[in-house]
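Asker: A predicted structure for the sequence below; I have some questions about it.
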Amino acid sequence: MVMDEIIAAARKEDRTSLTELESKQILKEVGINTTEIRLARSKEEAVARSQELGFPVVLKIVSPDILHKTDVGGVKLSLNNKEDVGNAYDEIISMIKKHQPSAKIQGVSVQPMARPATEVIIGMSKDPQFGPVLMFGLGGILVEILKDISFRIVPLTRRDANEMIREIKGYPILEGYRGQEPANIAVLEQLLLKVSEFVESKPEIKELDINPIFAYRDSALAIDARVILEP
Amino acid sequence: MKDIVGRLDRAFNPRSVAVVGDKMEMGYMWLRSLANFQGRVYSVQIDEKELQGIAALGVKNYSSLLDIPDEVDYVIVAVPRAVAPKIVQHCIQKNVGSVMLFTSGFAESNTEEGIRLQENITEMAREAHLNLIGPNCVGIFNPKIGLRHTTDQYWGDGGNVGFISQSGTHATFFTLVGEVNGIRISKSVSYGNAAVLDAADYLEYLGEDEDTKIIGMYIEGVENGRQFFSCLREIARRKPVLIWKGGGTDEGTRATASHTASLAGPPLLWDALIKQCGAIKVDNLDEMVDTIQALLYAKPTTGNRVGLVAMTGGQSVVITDAFARAGFEVPLLTERSYREFASFFNTIGSSYQNPLDISSNLPHLDRIIRCLDILNDDERIDVVVLDLPVVFMTRISWLIPNFFDDLIDALSLYKERSAKPLLAILISAHAESEAIEARKKLVARGIPSFPSFERGANALKKAVAYYKSAALQ
């Protein structure tokens, strides 16, 4: 099991915070659709991985010490060819060395650039009385400013998943407001149920944040993810 | 049947009760509350000064629980907190059914001694499997057997509503306010600090209790949220459970800590929990009483369209606003209904669009009932609401003696033949006491009434939401 190996490796290194790469590998194992993600430990590897995946690609720093990758210049989007990828690799590494020299760098992840869509987020945190709780909301400023989010206590039933999506004020956006691509609500329900099942079966997961998820007409794709383990 | 149900059965249905530490200073409130108890009552008191007062109540006193030559099912403890561990120890030795500690000053006092004493009695009770209710509470009310916590409470006939309350005041008020609103208790319990037995244990018990059809709860916090969640999820599938969460605001959570030492939990999560379990959220005693009254006496509906009958023009406007604001539709009626109205309804100074303004058709009782029948037969209407202002009813009764009583009789007959829920709105204006008497009369004939349009609309909204939610299960 990839998941158990990842968790064991983190434990060995005495860390509770998993990288995006590790987090996505875990999500993939429980059947959650994520962007393809490959690790590159050098500039050459980054170019090779991007050629395997096909352009355009995204490069992101992989380090257990970096929580907010964008803030330290650790993310480069829309890279269209080998040269772009090579330059981006160098830039990321030098930015990290400048902004957070103490960070342990595992490498850089290479991922295909996903087609933009309505963003949603799913989170799990633990309440001292109620245990694991799922949160659902629209991504971006809507969640940050309007706090337009809904909660349910794990385990979720189908009906809970259905209602927690429809409960948010921004629900009409998911239905495809003014000609925008509608999100597939049934797929999002399934996703919530999978996350519920997953966190229920793995009590050693302390927090989970899948943010953003791109919600398409016929599917949903986890673009970024973060797992925190219980100490 | 779960273990806890069997254990609590003896506590809720005791055949013998002992009161430890009742005294004159409290007006012997506990012994007096047991005046009609259908079983054996004993007192335990060592203070010589109190013995005469206890003897005057006709209760046999002992100087220790252990001296009582009988089995004791339920013990009421009103001793100072420092003595509590000794009494709990005696309860264990005596193998009593359960012990309720009225005594306070434990964890909720946030004093070192209080916390230590609570830990002390909790540990003793847990180890010995003693059913300890409280501390810092007033315990069980079972009207059928005359087990009460105040002499204001009724006894004799029990009802079908169970109440579980972390507060003694709310438990008492609910039983008293409920009574004048046609809500009678099957069994209720106030459980304070929940040191040993918690909300989920009582919920489990009342969930199994055949006399209890509806359960109301006042909760400040639960120790084991997940246990409560799974328990509520199961019970709320079988019977309506209403939850009034104390400490529903960040500010309020401070008060729960000093009242019952409860960790209130985030209000958002409580809202989620209530929704997930299919329970009904209420925010105060009025909503609790109103919603239970609607569930007990209004016929079930999942419909959203109301037919409104007001006695005067001004009320016809604001009753419509109130129901529309609560999310109800106030639709126009069918042509057939309008033809029927046209055949008898005096429209000078009145109207029958929906809302109806009966005004000039008063005081013809038969016309009021005919209006209700038309609404009942109208396919565009799900619920019928009738405005019954006490002040006008009283005035009409000056002209036509017994008008109001006759109207209630007619309403009761209407209710029997109608298929749709009927709600009465009984605004008291300045006549509070007349209003209460009128409400008692109405509900005695099975007609729920509410003191304002808003409260009626809100209760109906909660009942409809409940029936909708239950239909989805």
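Answerer: Looks like it came in fine.
Asker: quick one: low-confidence residue ranges for chain A.
Answerer: Low-confidence segments of chain A (pLDDT under 70): A:1, A:142-143.
Asker: residues of it that sit close to chain B?
Answerer: Applying CB under 8 Å from any CB of the partner chain, we find that chain A lies next to chain B at A:127-131, A:133, A:150-153, A:156-157, A:159-160, A:163. All C-beta atoms are positioned from the backbone trio N, CA, C, and that covers glycine.
Asker: show me the two of the residues you listed that sit farthest apart.
Answerer: Using CB to CB, the two most remote members of the residues of chain A next to chain B are A:P128 and A:R159, lying 26.2 Å apart.
Asker: more neighbours: the two, which one.
Answerer: For A:P128 and A:R159, the more surrounded residue by other CB atoms under 10 Å in any protein chain shown is A:R159, and the numbers stand at 15 against 9.
Asker: ok, and the closest non-adjacent residue to that one?
Answerer: Excluding its sequence neighbours, the residue lying closest to A:R159 (CB to CB, 6 or more residues apart in numbering or on different chains) is B:L472, at 6.5 Å.
Asker: now A:T35
Answerer: Distance criterion CB to CB, 6+ apart; nearest residue to A:T35, sequence neighbours excluded, is A:Q111 at 4.7 Å.
Asker: who in chain B is up against chain A?
Answerer: Contacts of chain B with chain A, taken as CB under 8 Å from any CB, map to B:221-226, B:229, B:263, B:265-266, B:268-269, B:271-273, B:275-276, B:472.
Asker: hey, which helix or strand in chain B has the poorest pLDDT?
Answerer: None of the helices or strands of chain B scores lower by mean pLDDT, DSSP states H and E than helix B:250-260, at a mean of 78.
Asker: buried ones in that one?
Answerer: In terms of neighbour count (16 or more other CB atoms under 10 Å in any protein chain shown), helix B:250-260 has its buried residues at B:253, B:256-257, B:259-260.
Asker: ok, stretch A:80-89 next?
Answerer: Applying 16+ other CB under 10 Å to stretch A:80-89 flags A:84-86, A:88-89 as buried.
Asker: dump those residues to CSV, plus secondary structure.
Answerer: Converted to CSV, the buried residues of stretch A:80-89 look like this (DSSP: H, G, I helix; E, B strand; the rest coil):
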residue, secondary structure
A:D84, helix
A:V85, helix
A:G86, helix
A:A88, helix
A:Y89, helix
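Asker: sort out which one of those lies nearest chain B for me.
Answerer: Of all those, A:A88 has the smallest distance to chain B: 41.0 Å, by CB to the nearest CB.
Asker: which SS class is the nearest residue to A:G123 once chain neighbours are set aside?
Answerer: Nearest residue to A:G123, sequence neighbours excluded (CB to CB, 6+ apart): A:M135, at 4.2 Å. Classification of A:M135 using three-state DSSP returns strand.
Asker: how about chain A: which residue is closest to chain B?
Answerer: Among the residues of chain A, A:Q129 lies closest to chain B, at 3.3 Å counting by CB to the nearest CB.
Asker: list the buried residues of the strand or helix carrying A:L27.
Answerer: Using DSSP states H and E, A:L27 falls within helix A:20-29. Across helix A:20-29, burial judged by 16+ other CB under 10 Å covers A:20-28.
Asker: give me the contacts around that helix.
Answerer: Contacts with helix A:20-29, where a contact means CB atoms under 8 Å, 6 or more residues apart in numbering or on different chains, come from A:1-3, A:6, A:10, A:18, A:34-35, A:37, A:39, A:60, A:62, A:69, A:106, A:109, A:208, A:210, A:222, A:224-227.
Asker: check contacts around B:T312.
Answerer: Counting by CB under 8 Å, 6+ apart, the residues that B:T312 touches are B:357-359, B:389, B:392.
Asker: out of the buried residues of stretch A:80-89, who's nearest A:E45?
Answerer: A:Y89 (8.9 Å).
Asker: how does chain A divide into domains?
Answerer: Annotated domains of chain A cover A:36-113, A:118-229 [automatic domain parsing].
Asker: pull the distance from the first one to the chain's centre.
Answerer: In this case it means domain A:36-113. Mean-position distance between domain A:36-113 and its chain equals 16 Å (CA atoms, centre = their mean, to the nearest Å).
Asker: so what would you say the end-to-end distance of that domain is?
Answerer: Domain A:36-113 has an end-to-end distance of 10 Å (criterion: CA to CA, to the nearest Å).
Asker: residues contacting residue 227?
Answerer: With no chain named, the answer covers chain A. Contact analysis of A:V227 by CB under 8 Å, 6+ apart lists A:18, A:22-23, A:26, A:205, A:207-208.
Asker: meant chain B actually
Answerer: The contact partners of B:Q227, taken as CB under 8 Å, 6+ apart, are B:198, B:200.
Asker: and it, that one's in a strand?
Answerer: No. Counting by three-state DSSP, B:Q227 is not found in a strand; it is helix.
Asker: does B:G182 touch B:V443 like I think?
Answerer: Yes. B:G182 lies in contact with B:V443 (CB atoms under 8 Å); the separation is 3.2 Å.
Asker: name the residues contacting each of these two.
Answerer: Contact criterion CB under 8 Å, 6+ apart; residues shared by B:G182 and B:V443: B:293, B:297.
Asker: of these two, give the one with the bigger neighbour count.
Answerer: Ranked by neighbour count (other CB under 10 Å), B:G182 and B:V443 place B:G182 first, with 23 against 19.
Asker: make sure the more buried one is indeed in a strand.
Answerer: No. Assigned with three-state DSSP, B:G182 falls outside any strand and is coil.
Asker: which residues sit in contact with it?
Answerer: Counting by CB under 8 Å, 6+ apart, B:G182 touches B:293, B:296-297, B:440, B:443-444, B:448.
Asker: repeat that for A:E44.
Answerer: Counting by CB under 8 Å, 6+ apart, A:E44 has no contacts.
Asker: quick revisit: report the buried members of the residues of chain B next to chain A.
Answerer: For the residues of chain B next to chain A, a burial check counting by 16+ other CB under 10 Å picks out B:221-222, B:225-226, B:229, B:265-266, B:269, B:271-273, B:275-276.
Asker: keep only those of these that are in strands.
Answerer: With DSSP state E as the criterion, strands contain none of those.
Asker: and for B:A342, the neighbour number?
Answerer: B:A342 - counted by other CB under 10 Å - has 10 other residues nearby.
Asker: for it, phi and psi?
Answerer: phi -60, psi -20 (degrees, to the nearest 10).
Asker: what about it, distance to A:K98?
Answerer: According to CB to CB, to the nearest Å, B:A342 stands 86 Å off from A:K98.
Asker: picking that back up, tell me the one among the buried ones among the residues of chain B next to chain A nearest to B:Q52.
Answerer: For these, the nearest to B:Q52 is B:G221 (42.8 Å; CB to CB).
Asker: follow-up on the earlier one: A strand includes the residue of chain A closest to chain B, no?
Answerer: No. Applying three-state DSSP, one finds A:Q129 to be coil, outside a strand.
Asker: counting neighbours, what do you get for it?
Answerer: Residues near A:Q129, counting by other CB under 10 Å: 22.
Asker: isn't it up against B:W270?
Answerer: No. Counting by CB under 8 Å, A:Q129 stays clear of B:W270, with 9.8 Å between them.
Asker: surely the residue nearest to A:R159 touches A:T157?
Answerer: No. Look at B:L472 against A:T157 with CB under 8 Å: they stay out of range, at 10.5 Å.
Asker: so which residues of the stretch 101-250 of chain B form strands?
Answerer: B:132-133, B:139-141, B:161-165, B:185-190, B:214-219, B:241-245 (DSSP state E, counting those that start in this stretch).
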